[in-house]
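K.L.:
all I have is the shape, not the residue letters:
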């Protein structure tokens, strides 16, 4: 699925790639980076920068810290999810706590959704194990 990138956000996305949270780094380096389907980190889509984007499956993966529980940010997330859904992109959201405490379950859910969307068998690699 091709989604036009916002060139005005490319520098901001590059900065976010350099300054990923602990949980984003963990998910990227210990699972997504070696996943057999291409996944981009800190990708601009329209007026947003998403944590991770899998174009082949049409999904965005977001890792939310405690700030996402604040009403205003939650409302922004809901609006953003609606815009992405209108583009045909599903959004998977996980909390920092889920990544920290249930990493294998987070990986398994991402794998399940991607494979459901693209119709391939689940990835059985070792990269989903906690490091």
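P.N.:
In hand now; what should we look at? Computed from a prediction, not measured in an experiment: that's the story for all the values here.
K.L.:
all strands for the protein, in order.
P.N.:
Applying DSSP state E to the chain gives strands spanning 40-45, 48-54, 59-64, 90-95.
K.L.:
grab the most central residue of this structure for me.
P.N.:
Residue closest to the average C-alpha location in the chain (CA atoms, centre = their mean): residue 61, at 2.0 Å.
K.L.:
check the strands of the chain for me: which has the lowest mean pLDDT.
P.N.:
For these, mean pLDDT drops lowest on strand 40-45, to a mean of 89.
K.L.:
show me what that strand is packed against.
P.N.:
helix 10-18, strand 48-54 (3 or more CB pairs under 8 Å, 6 or more residues apart in numbering; DSSP states H and E). All C-beta spots, glycine's among them, are computed from the backbone N, C-alpha and C.
K.L.:
parallel or antiparallel, list what pairs with that strand.
P.N.:
Applying DSSP bridges, strand 40-45 is found paired with strand 48-54 (antiparallel).
K.L.:
distance to residue 23 added to the strands of the chain, as JSON lines?
P.N.:
Below are the strands of the chain laid out as JSON lines (distance: least, CB to CB, whole Å):
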{"stretch": "strand 40-45", "distance to residue 23": "13"}
{"stretch": "strand 48-54", "distance to residue 23": "9"}
{"stretch": "strand 59-64", "distance to residue 23": "5"}
{"stretch": "strand 90-95", "distance to residue 23": "8"}
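K.L.:
residue 52: what's its closest spatial neighbour, skipping adjacent residues?
P.N.:
residue 61 (4.0 Å; CB to CB, 6 or more residues apart in numbering).
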